[in-house]
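*Asks:* The following comprises the amino acid sequence and a computationally predicted model.
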Amino acid sequence: MTENAPLVIVGTGLAGYNLAKEFRKLDSARPLLLVSADDGRFYSKPLLSTGFAKGKEADELAMQDAAAMAAQLDAEVLAEVTVSAIDPAARTLTLDGREQPYSDLVLALGAEVRSLPWREQLGERLLSINDLADYGRFRAALVGRKKVLIIGAGLIGCEFANDLSLGGFEVTVVATDPWLMPQLLPEPVAAAVQRRLEALGVTFHLGCGIRELAASDGGLQALLDDGTEVRADQGLSAIGLTPRTDLAAAAGLSVGRGVLVDAQLRTSDPHIYALGDCAEVAGLNLMYVMPLMTSARALAKTLSGAPATVGYPAMPIMVKTPACPLVVAPPLKAAAGDWQISGDGEDVRAVFVDPQGQLQGFALSGAAVSEKALLTRELPAWLS
Ligand SMILES: Cc1cc2nc3c(=O)[nH]c(=O)nc-3n(C[C@H](O)[C@H](O)[C@H](O)COP(=O)(O)OP(=O)(O)OC[C@H]3O[C@@H](n4cnc5c(N)ncnc54)[C@H](O)[C@@H]3O)c2cc1C
């Protein structure tokens, strides 16, 4: 019976929809069902952190609704339906209290925002942005307001600091991080970005936690660990994302940082696959667009009967801080090595070289981003 059941993809983010598009290029006959807890609109998530500079409402960022995507993909799209359980032995999903059979299942569940302890009590005054609905909610909360407190100085916190400044807001960033994007950047490159963001008007309190955060005069008041008080009209929490693994773990699938899959993107169950932010592919959990596009192409082949493994070339990340152009290829594969820094001002070139002299990563800011293509060619593949 399960052989006649559809291929089911859970999740209609970039991973789920791009897999469906790639799959339909190879197989126009197999029944396809997509299930999404959100409204199933197709949008490009990276555009969420450039929307204030461009003055875009959430509806303007949506490219197609669920019905249009269903027609385009010759698929059924169940929007606003949450999958609550998977039974791998029976090959069924539980959704809205009923059982849905699948022939093969793909988890494209994305990642969850990490929450600050004050989240519940502050309601709309402290939000996060991880999907189109969050973006719409945040825009609505900002109407008539000016000062934004961003908590977190990772890639997403920094992109929103730049974007909200360009959108006319007064931005303060507070983070325990010693410098901007410490997981990605060596300090001198981070300092270049910070200077350019400060020139735009952003205020930073780095290396500093928040002791108390409370509602005050319709806004927020933060007391920092160093005793500084920061007042703002609106808070944006950007302290990181955690791959959604609960559903897989409850079904008995192997999980680590993400849902564990091999190079064919197969989980510990032979009929269940995973890709995108929720997946840990051969030890790598890369929460970026390029890896999921590469994964979607490989998995589409496997699901259409021609098993393929995914390979990742090194894929540098263009960080959207237009105040200071920035591109980074983190040294993912290097067990040891050092950053070698040159350049000055905004234009910093940092290359990570291992003890054998092999380039393993780089971070380039300002005019140094022009070296991206040349340096990328020298990097070893991330997954081969
Ligand atoms: C603000 C922002 C800016 C970014 N900018 C960049 C960038 O410039 N470059 C880059 O490479 N990457 C960027 N990223 C990261 C990139 O956008 C993500 O890696 C990518 O969009 C993840 O896609 P996904 O489909 O895996 O997850 P998601 O888009 O999160 O989709 C997950 C889907 O799963 C569904 N779902 C989850 N649980 C269930 C359930 N139980 N039942 C049913 N449905 C469920 C959700 O409703 C959703 O449809 C950015 C991320 C953010 C937040």
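*Replies:* Good, I have the coordinates.
*Asks:* Please identify the next secondary structure element, helix or strand, after the lowest-mean-pLDDT helix or strand in the chain.
*Replies:* Across the helices and strands of the chain, mean pLDDT, DSSP states H and E gives its lowest value to helix 119-122, namely a mean of 91. Counting by DSSP states H and E, the next helix or strand C-terminal to helix 119-122 is strand 126-127.
*Asks:* what packs against that next one?
*Replies:* On a contact count with 3 or more Cβ pairs under 8 Å, 6 or more residues apart in numbering; DSSP states H and E, strand 126-127 meets helix 132-141, strand 234-237. From N, CA and C alone the C-beta is placed, and that goes for glycine too.
*Asks:* any idea which of those is most buried?
*Replies:* Comparing the helices and strands packed on strand 126-127 on average neighbours per residue, with mean count of other Cβ atoms under 10 Å, the densest one is strand 234-237 at a mean of 24.
*Asks:* Could I get the average pLDDT for it?
*Replies:* Averaged across strand 234-237, pLDDT comes to 97.
*Asks:* Endpoints of stretch 88-102, how far apart?
*Replies:* End-to-end span of stretch 88-102 (Cα to Cα, to the nearest Å): 10 Å.
*Asks:* Wondering if that stretch reaches the ligand at all.
*Replies:* No. For a cut-off given as Cβ under 6 Å from any ligand atom, stretch 88-102 has no contacts with the ligand; the smallest distance is 7.2 Å.
*Asks:* Next: stretch 155-162.
*Replies:* Yes. Using Cβ under 6 Å from any ligand atom, stretch 155-162 reaches the ligand at Ile156.
*Asks:* List the contacts of that stretch.
*Replies:* 49-50, 53, 129, 150-151, 171, 173, 175, 180-181, 184, 193, 197, 200, 202, 236, 238-239, 317, 319-323 (Cβ atoms under 8 Å, 6 or more residues apart in numbering).
*Asks:* cool, stretch 48-63 as well?
*Replies:* Stretch 48-63 has contacts (Cβ under 8 Å, 6+ apart) with 41-44, 47, 129, 131-136, 139, 156, 159-160, 162-164, 166-169, 320, 322.
*Asks:* Show only the entries of the residues you listed found in helices.
*Replies:* Members of these lying in helices (criterion: DSSP state H): 132-136, 139, 156, 159-160, 162-164, 166.
*Asks:* Mind putting these into a markdown table with pLDDT?
*Replies:* Listed next are the ones in helices among the contacts of stretch 48-63 as a markdown table, based on pLDDT from 0 to 100:
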| residue | pLDDT |
| --- | --- |
| Leu132 | 97 |
| Ala133 | 97 |
| Asp134 | 98 |
| Tyr135 | 98 |
| Gly136 | 98 |
| Arg139 | 97 |
| Ile156 | 98 |
| Glu159 | 98 |
| Phe160 | 98 |
| Asn162 | 98 |
| Asp163 | 98 |
| Leu164 | 98 |
| Leu166 | 98 |
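*Asks:* so what's the residue most central in space within the chain up against?
*Replies:* Against the mean C-alpha coordinate of the chain, by Cα atoms, centre = their mean, the closest residue is Met287 at 4.8 Å. Neighbouring residues of Met287 by Cβ under 8 Å, 6+ apart: 111, 241, 243, 277.
*Asks:* again, only this time at 10 Å
*Replies:* By Cβ atoms under 10 Å, 6 or more residues apart in numbering, the contact set of Met287 is 110-111, 155, 240-243, 258, 276-279.
*Asks:* Tell me the spacing between it and Asp38.
*Replies:* 17 Å (Cβ to Cβ, to the nearest Å).
*Asks:* any low-confidence regions in this structure?
*Replies:* Scanning the chain for pLDDT under 70 picks out 1-3.
*Asks:* Tell me where it has helices.
*Replies:* Under DSSP H, the chain gives helices at 14-26, 58-61, 66-73, 119-122, 132-141, 155-166, 187-200, 246-250, 289-303, 372-378.
*Asks:* Report the angle between the fifth one and helix 155-166.
*Replies:* Think helix 132-141. On the basis of axes from the mean of the first three to the mean of the last three Cα atoms, to 10 degrees, helix 132-141 is oriented at 40 degrees to helix 155-166.
*Asks:* got a list of what the residue of the stretch 151-300 of the chain found nearest the ligand touches?
*Replies:* In the stretch 151-300 of the chain, the residue that lies nearest the ligand is Gly276 (2.4 Å; Cβ to the nearest ligand atom). Neighbouring residues of Gly276 by Cβ under 10 Å, 6+ apart: 11, 13-16, 18-19, 106-111, 243-244, 258-259, 265, 286-289, 291-293, 295-296.
*Asks:* same question, Thr376
*Replies:* Thr376 makes contact with 313-316, 327, 329, 359, 362, according to Cβ under 10 Å, 6+ apart.
*Asks:* run the last query once more with 7 Å
*Replies:* Contacts here follow Cβ atoms under 7 Å, 6 or more residues apart in numbering; on that basis Thr376 touches 314, 316, 329.
*Asks:* swap in Arg257?
*Replies:* 243, 280, 285.
*Asks:* how near is it to Val77?
*Replies:* Here the criterion is Cβ to Cβ. By it, Arg257 lies 29 Å from Val77.
*Asks:* same question, Ala192
*Replies:* As judged by Cβ to Cβ, Ala192 and Val77 stand 44 Å apart.
*Asks:* Kindly report the residues of the stretch 251-384 of the chain close to the ligand.
*Replies:* Residues of the stretch 251-384 of the chain lying close to the ligand (Cβ under 6 Å from any ligand atom) are 276-277, 287-290, 292, 317, 320.
*Asks:* Could you pick out the buried ones from those residues?
*Replies:* The neighbour count (16 or more other Cβ atoms under 10 Å) marks 276-277, 287-289, 292, 317, 320 as buried among these.
*Asks:* burial of Gly256, as a residue count?
*Replies:* Per other Cβ atoms under 10 Å, the neighbour tally for Gly256 reads 11.
*Asks:* For it, which non-adjacent residue is closest in space?
*Replies:* Nearest residue to Gly256 in three dimensions, chain neighbours excluded: Glu280, at 5.1 Å (Cβ to Cβ, 6 or more residues apart in numbering).
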